[in-house]
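Undergrad: need coordinates for the below:
(one chain, ligands or ions: 2)
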Amino acid sequence: QYEEKEDHVIGNLSKVMMVYYNLFFFFCVPKAELQIAEAIALVNTLQNWTVLDKIIIPTKNPDKKFVFGKGNFQVLTEKIKKLPRVTAVFLNVERISSLTKKELEDAWGVKVFDRYTIVLHIFRCNARTKEAKLQIALAEIPLLRSNLKNEVSQLDQQRGGSRYIMGSGETFMETQNRILKEKELKIRNALEKLRRKRSLLRNQRRKREFPIISVMGYTNCGKTTLIKALTGEAGLQPRDQLFATLDITAHAGYLPSHMAVIYVDTIGFLTDLPHNLVESFSATLEEVAYSDLIVHVRDITHPETILQKATVLSVLKNLNIPSHLLDSMVEVHNKVDLIERYKPTEENAVAISALHGHGLEELKEEIEKKILTVTGKKILTVNIHLEGAQLSWLYKEATVQEVEVMPEDGTARVKVIISNSAFGKYKNLFPNSTIFMP
Ligand SMILES: Nc1nc2c(ncn2[C@@H]2O[C@H](COP(=O)(O)OP(=O)(O)OP(=O)(O)O)[C@@H](O)[C@H]2O)c(=O)[nH]1
Ligand SMILES: [Mg+2]
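TA: Ligands and ions are numbered 1, 2, ... in the order given. Presented below is the predicted three-dimensional model:
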């Protein structure tokens, strides 16, 4: 079984972050005005860190040894030296090589982080379940591997040539690589076990025929707040933070016709989310492919709301979500309490305030309409004899909405929501029953 150890890279990093003070300094790639707000939000999500200064300068390909041109590097070095309170520099690029990181750290005398490290760290702080922790550990492996390469090349420079571990026939690099591979395999196996357990749970839910609704959207758009409002579950904790939710959780709620449904809270999306992270979390998102409906929540007050929508749709496409789920998606415009007299430009979008509970009834109606269509459920009225077994059968196999008793002839009109399969059974069991289609 995989056990979390304290000594891996981000473990150390978190300590470093605690030890250093509330200072942070960061800069971005060109045309990055738009990304600055998000980068600041990322840093502010980390406890005890604040942004001290920011600068936009052109960067070269982050895979290259030098991230900037010589001139820019000097400008930057001087700027950092003039700000003695800076304790770290955040480069808002997806990844920098461990060699570049080391060189920059040596030149500036402060820690250097990239987007991957920061997002991974936020994930680590917010992971609650074993699964989320395992997925993060998996996403860390490439980081450990590139650090190892760097370490070995330094060792080689110091001692000249590769070293063999006494008697093993393996070089230091080979041994470490083998250990990493074993670690990766253990994590993958543990994740696979959890995945099998989840698919079992999924089958159980299917048997009971609860429709499943996945609530998705950009990070911080209000997914958890919405589910809390729709289900009244007090335990849910929305937070003004990026990636507050890392675990997929299920919550029961009711639609206007009293149909019970399950809302699934999911991890939020981010533009340029390091793809290793997406890969390790995609297993969790597989769940979404099995839902009956996707609700796409948008923070309509965010200056980049259109870009955010594009990001979410493109991630969904890459996750191989079945096209019928994409076509039937319900788009929700959230946080309208912050905009006076908001009117959606998109057709069919439902405007709500999850926080203040506005528009929720309309949203539930829309969800119900879609759920009935996609699950092939019907709402219909049947005439039953009160002394027969029909009523108790309907209570067990369908959702009874209304019972109107006619005492004079011992019958009742029952309004039910019923699946196609249950309806077929009903007709076989009670062939003489009168059915009124809507
Ligand atoms: N004004 C306003 N704020 C809202 C509304 N809905 C959510 N928020 C706020 O937005 C912030 C994020 O809400 P969450 O529900 O945690 O967002 P999320 O989409 O689950 O975020 P992650 O799990 O981090 O991806 C919180 O501070 C909420 O109070 C709304 O309708 N109006
Ligand atoms: Mg959330």
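Undergrad: how far is stretch 101-118 from where the chain is centred?
TA: Distance of stretch 101-118 from its chain centroid, counting by CA atoms, centre = their mean, to the nearest Å, is 27 Å.
Undergrad: just stretch 77-87 next, same as before
TA: 36 Å.
Undergrad: return the set of buried residues in it.
TA: 79-80, 86-87 (16 or more other CB atoms under 10 Å). For every residue, glycine as well, the C-beta is placed using N, CA and C.
Undergrad: do stretch 353-366 as well
TA: Buried-residue list, stretch 353-366, by 16+ other CB under 10 Å: 353-355, 358-360, 363-364, 366.
Undergrad: which SSE is the closest residue to G357 other than its chain neighbours in?
TA: Nearest-residue entry for G357: A229, 5.7 Å, with adjacent residues in sequence omitted and distances by CB to CB, 6 or more residues apart in numbering. Per DSSP states H and E: A229 is located in helix 223-231.
Undergrad: what residues does that helix touch?
TA: 215-217, 233-234, 236-239, 244-245, 251-253, 263, 265-266, 268, 295, 297, 332, 334, 352, 354-355, 357, 360, 363-364 (CB atoms under 8 Å, 6 or more residues apart in numbering).
Undergrad: per-residue pLDDT, the residue of the stretch 51-200 of the chain found nearest ligand 2?
TA: Ranked by CB to the ion, the top residue of the stretch 51-200 of the chain for proximity to ligand 2 is N126, at 9.5 Å. Looking at N126, its pLDDT reads 76.
Undergrad: okay, now it: neighbour count?
TA: Look at N126: counted by other CB atoms under 10 Å, it has 19 neighbours.
Undergrad: please apply the same query to G232.
TA: 12.
Undergrad: how about K377?
TA: 24.
Undergrad: just D265 next, same as before
TA: Counted with other CB under 10 Å, D265 comes out at 23.
Undergrad: and it, how far from ligand 2?
TA: As for D265, its distance to ligand 2 is 6 Å (criterion: CB to the ion, to the nearest Å).
Undergrad: check I227 too.
TA: 8 Å.
Undergrad: where does T399 fall, phi/psi-wise?
TA: When read as degrees, to the nearest 10, the backbone of T399 gives phi -100, psi 110.
Undergrad: no no, S214
TA: phi -90, psi 130.
Undergrad: for the chain, which residue gets nearest to ligand 1?
TA: G268 (2.6 Å; CB to the nearest ligand atom).
Undergrad: that residue reaches T219, doesn't it?
TA: Yes. Between G268 and T219 there is a contact at 2.9 Å, judged by CB atoms under 8 Å.
Undergrad: what do those two both touch?
TA: With CB under 8 Å, 6+ apart as the test, G268 and T219 both reach 242-243.
Undergrad: tell me what L91 is bridged to.
TA: F27, D114 (DSSP bridges).
Undergrad: and the residue nearest to K425 when sequence neighbours are not counted, what does it touch?
TA: Distances taken as CB to CB, 6+ apart place E397 nearest to K425, at 7.0 Å, with adjacent residues excluded. Counting by CB under 8 Å, 6+ apart, E397 touches 418, 422, 425-426.
Undergrad: cool, and F210?
TA: Counting by CB under 8 Å, 6+ apart, F210 has contacts 252, 260-262.
Undergrad: remind me what the longest helix along the chain packs against, helices and strands.
TA: With secondary structure taken from DSSP state H, the chain has its longest helix at helix 172-207. Packing partners of helix 172-207 (3 or more CB pairs under 8 Å, 6 or more residues apart in numbering; DSSP states H and E): helix 130-159, helix 275-289.
Undergrad: where along this protein do the strands fall?
TA: Secondary structure of the chain (DSSP state E): strands at 25-28, 53-56, 88-91, 111-114, 212-217, 249-254, 260-265, 293-299, 330-334, 350-351, 378-385, 399-406, 411-418, 434-436.
Undergrad: still on that earlier bit, which one of the contacts of F210 sits closest to ligand 2?
TA: I262 (16.4 Å).
Undergrad: next, count neighbours for that closest one.
TA: 18.
Undergrad: if I read this right, it contacts V215, doesn't it?
TA: No. Checked against CB under 8 Å, the pair I262 and V215 is beyond contact range at 10.7 Å.
Undergrad: is the helix holding A229 positioned near ligand 1?
TA: Yes. Against ligand 1, helix 223-231 shows contacts by CB under 6 Å from any ligand atom at 223-225.
Undergrad: of those residues - the most surrounded one?
TA: Busiest of these [other CB under 10 Å] is K223, holding 31 neighbours.
Undergrad: distance-wise, check that one relative to A127.
TA: Distance, K223 to A127, by CB to CB, to the nearest Å: 17 Å.
Undergrad: then V330?
TA: 29 Å.
Undergrad: next: T305.
TA: When T305 is compared with A127 (using CB to CB), they lie 28 Å apart.
Undergrad: repeat for L325
TA: Following CB to CB, the distance that separates L325 from A127 is 27 Å.
Undergrad: what parts of the stretch 201-350 of the chain come near ligand 1?
TA: 217, 219-225, 238-245, 268, 334-335, 337-338.
Undergrad: pull out the buried members of those.
TA: 217, 219-225, 238, 241-245, 268, 334-335, 337.
Undergrad: just these that are near ligand 2?
TA: 223-224, 244-245 (CB under 5 Å from the ion).
Undergrad: relative to A137, which of those residues is nearest.
TA: For these, the residue nearest A137 by CB to CB is T245; the value is 18.9 Å.
Undergrad: tell me which residues touch the closest one, please.
TA: Contacts of T245 by CB under 8 Å, 6+ apart are 126, 223-224, 265-268.
Undergrad: so which of these sits lowest on pLDDT?
TA: N126 (76).
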